[in-house]
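Visitor: please work out how this folds:
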Amino acid sequence: MKRNLGAFTRAGCAALFFLSAPVHAQPGAPSQPPATAQPRAGTDGGAQAQLPAAVQADAGAYQPPDFILEPPALPPGASESPVLTLSVADAIQLAARNNLGIVLAKTQLGIARAGVDAARGFFEPALVAGYTHRAARTPPSTILEGTDPNVLFEFNTDEWRAGYQQRTGLGTTLQLDFTNVRTESSLNSAVLPLLYRSVLELRLTQPLLRGFAFDTDIPRAEVLRAELASERAQKDVQAVLLTLVRDTEQAYWDLFQALKSYEVQQGAVQLAEQQLSLTRRQIDSGVRPPSDLINAEGALAQRELELVRAQNVGAQAMDQLRFLLNLPRDEWARPLLPRDKPAFDRFSIGFEPALAQALEHRPELAQRDLDVKRAELDVRVAKANRLPGLDASVSYGVLGQRPGYGDTVDQLSSNDARVWSAGVNFSWTPFNEAASAALEARELGRQAAHTDRQAQELALRLELRAALRSLETAERSVRAAGKFRSLAERSLDAEQRRFLNGTSDNFYIAQRQNDLAGARLSELAALVQHRKAATALRAAMGVLLDDRGVVLEVRGR
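Guide: Numbering: from 1, shown residues only. Presented below is the predicted three-dimensional model:
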């Protein structure tokens, strides 16, 4: 009997490592550009990697059986294309590089970062310049200009100007203007027929109530909003990447389980075929009645049906992994073959330490904190907008006026002719209904942001408790399934011995074979579920990327 089972119980034990070294391309694997989410070299990706001190781990008494540790094989005739052999690290690297969700999230981050520069443009300095020419032929309009209404006077003006404008973080508007005017006139009232006039003026305008704050947040509100949006978009990329790594790992182990399930069903078919052959020999020798052949053939047909179903499940699991990896269209025909094996690494962590890790590392909570900051800023801006408008302005200028432009500039620089002014502008909306309504809306928005933050933390508590419970259940299931599989092997061996001695029949053999196949599938599913539960717990704690050595690199601004 042990020789019969040897077809799918050969030894082959290897521990599982997650991104413990740089990923190397496999033979036949497609050439790829440098990844944007790279595994860090030298990180220990086992169960202990990057876990808090509260985590305690031990190998436990359970050891996976040989039929699970043996590398999986593809079903016969899977494809004529070259096989793409993948480790977990390979799968994560490909997914982080190619997955469309990551590409879209990073595109949104680029948009948000560009929005920061766009908002800062409000405070960029601006240079202005202009030129105006005006010519007129007009009769005199005053006695000073002339007494003959039939006489037309020539009047030509050329004006060129340049200036500098900038708004500071305190809301101050700085403006420097340099204006030059050349006037050529035949009017009797003109000082000279040809006259140049230049004015250099510096003007400062400062809001004192509405639109002003000493901490610069109110005048820079749009920039701060853009920066918060950019930071939130970066956390969104991290959240998408965290989910992608978790889903990729789980899809990887789903494919491993599907391929190993096919092997288990294939082994069950071999046992059923051997039992059918033995039954025929016994019938031919007269030891068994011909009716015993029905049970043996029925058992074989049932095993073949399960084999077909297992092959379909494997194909679906392979497509799901291809989807997450976003393989090129011509690569979808290539079979995917997992290289890693699911080790059983027992670890435990209390709820409070796990929650502390999640509060520190989960990007969703960081996003909610950013939403609260944005809401607090909106409230402060809305309060400032309820104030009356009070702007103070002061200006100082020097001027020059001479028949020659050089003399005009000399007088300008001498500071002999000058002008200055100071003033305030006041505006007030007595009822202030629009600003009050806007403030009320912002206050409600702030309450909603705090509530959303609390709801996110509450959902995280539920997620963590479920993840911890799933991991504990999976661990107990692994041990129970291993014991059940061992007993099923011994039970089938004993039943086959009774069959050879003539004290059993094919009905009981078929039952024991079915029990063994089910026990092996249960143990395989329990071990894979334990690995997936461990990954889900690390994802819920927000430490999965660090544990797997995945570094987020976003190129661009």
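
Visitor: what sits against the spatially most central residue of the chain?
Guide: Closest to where the C-alpha atoms of the chain average out (C-alpha atoms, centre = their mean) is Val237, at 2.0 Å. For Val237, the contacting residues are Ile102, Ala105, Lys106, Leu109, Leu552, Val554, by C-beta atoms under 8 Å, 6 or more residues apart in numbering. All C-beta spots, glycine's among them, are computed from the backbone N, C-alpha and C.

Visitor: ok, it to Leu109 distance?
Guide: For Val237, the distance to Leu109 equals 5 Å [C-beta to C-beta, to the nearest Å].

Visitor: same question for Ala89.
Guide: To Leu109, Ala89 is 25 Å away according to C-beta to C-beta.

Visitor: give the residue spans of the chain that score low on pLDDT.
Guide: Along the chain, the parts satisfying pLDDT under 70 run over 1-60, 77-80, 142-148, 186-191, 213-214, 553-557.

Visitor: right, and the helix or strand after the helix or strand where Leu241 lies?
Guide: Here Leu241 sits within helix 221-284, counting by DSSP states H and E. Toward the C-terminus, helix 221-284 is succeeded by helix 292-325 as the next helix or strand (DSSP H and E).

Visitor: angle of that next one against helix 221-284?
Guide: 160 degrees (axes from the mean of the first three to the mean of the last three C-alpha atoms, to 10 degrees).

Visitor: give me the sheet partners of the helix or strand just after helix 292-325 and which way each runs.
Guide: Next along the chain after helix 292-325, taking DSSP H and E as the criterion, comes strand 336-338. Strand 336-338 has its sheet partners listed here by DSSP bridges as strand 84-86 (parallel).

Visitor: how far off centre is the strand it pairs with?
Guide: Its chain's C-alpha centre and that of strand 84-86 lie 26 Å apart, by C-alpha atoms, centre = their mean, to the nearest Å.

Visitor: start the count at 468 instead of 1 going forward.
Guide: With the count now opening at 468, the last piece we talked about shows up as strand 551-553.

Visitor: next secondary structure after it?
Guide: helix 555-565.

Visitor: what's that next one packed up against?
Guide: For helix 555-565, the packing partners by 3 or more C-beta pairs under 8 Å, 6 or more residues apart in numbering; DSSP states H and E come out as strand 504-506, helix 688-751, helix 759-792.

Visitor: next SSE downstream of that helix?
Guide: helix 567-587.

Visitor: what residues of that following helix count as buried?
Guide: For helix 567-587, a neighbour-count test (16 or more other C-beta atoms under 10 Å) marks Gly568, Ile569, Ala572, Lys573, Gln575, Leu576, Gly577, Ala579, Arg580, Gly582, Val583, Ala586 as buried.

Visitor: ok, those vs Asn762, which is closest?
Guide: Gly568 (51.9 Å; C-beta to C-beta).

Visitor: against Ala922, how distant is the closest residue in space to that closest one that isn't next to it in sequence?
Guide: Leaving aside its sequence neighbours, Gly568 sits nearest to Val707 (C-beta to C-beta, 6 or more residues apart in numbering; 5.3 Å). Val707 sits 21 Å away from Ala922, going by C-beta to C-beta.

Visitor: show me which of the two is the more surrounded one.
Guide: Shown here are Val707 and Ala922; by other C-beta atoms under 10 Å, Val707 has more neighbours (19 against 11).

Visitor: correct me, but the more buried one touches Val570?
Guide: No. Applying C-beta atoms under 8 Å as the test, Val707 and Val570 come out as separate, 9.8 Å apart.

Visitor: can you pull the phi/psi pair for Thr896?
Guide: When read as degrees, to the nearest 10, the backbone of Thr896 gives phi -110, psi 110.

Visitor: can you tell me which residues contact it?
Guide: Neighbour list for Thr896: Pro855, Ala902 [criterion: C-beta under 8 Å, 6+ apart].

Visitor: could you check how far it is from Gly856?
Guide: In terms of C-beta to C-beta, Thr896 sits 9 Å off from Gly856.

Visitor: report the buried residues of stretch 667-681.
Guide: Leu667, Glu668, Arg670, Thr672, Gln673, Pro674, Arg677, Gly678, Phe679, Ala680.

Visitor: Arg1015 reaches Ile559, doesn't it?
Guide: Yes. With contact defined as C-beta under 8 Å, Arg1015 reaches Ile559; the gap is 6.3 Å.

Visitor: neighbours around the closest residue in space to Ile685 that isn't next to it in sequence, how many?
Guide: Using C-beta to C-beta, 6+ apart and skipping the chain neighbours, the partner closest in space to Ile685 is Ala851 (5.0 Å). A count of nearby residues for Ala851, using other C-beta under 10 Å, gives 20.

Visitor: ok, Ala851 to Ala1001 distance?
Guide: Look at Ala851 and Ala1001: by C-beta to C-beta, they are 51 Å apart.

Visitor: could you do Gln732 as well?
Guide: Relative to Ala1001, and taking C-beta to C-beta, Gln732 is found at 27 Å.

Visitor: next secondary structure after the helix of greatest length in the chain?
Guide: Secondary structure of the chain read by DSSP state H shows that its longest helix is helix 900-967. Sequence-wise, the next helix or strand downstream of helix 900-967 (DSSP H and E) is helix 973-1008.

Visitor: would you mark the buried spots in that next one?
Guide: Buried-residue list, helix 973-1008, by 16+ other C-beta under 10 Å: 973, 975-977, 979-1008.

Visitor: by contact count, what packs against it?
Guide: Looks like helix 973-1008 contacts helix 533-536, helix 688-751, helix 759-792, helix 818-828, helix 900-967, helix 1011-1014 (3+ C-beta pairs under 8 Å, 6+ apart).

Visitor: export the ones you listed as a markdown table, with columns for distance to Lys840.
Guide: Shown next, in a markdown table, are these (distance: least, C-beta to C-beta, whole Å):
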| stretch | distance to Lys840 |
| --- | --- |
| helix 533-536 | 49 |
| helix 688-751 | 6 |
| helix 759-792 | 34 |
| helix 818-828 | 17 |
| helix 900-967 | 9 |
| helix 1011-1014 | 24 |
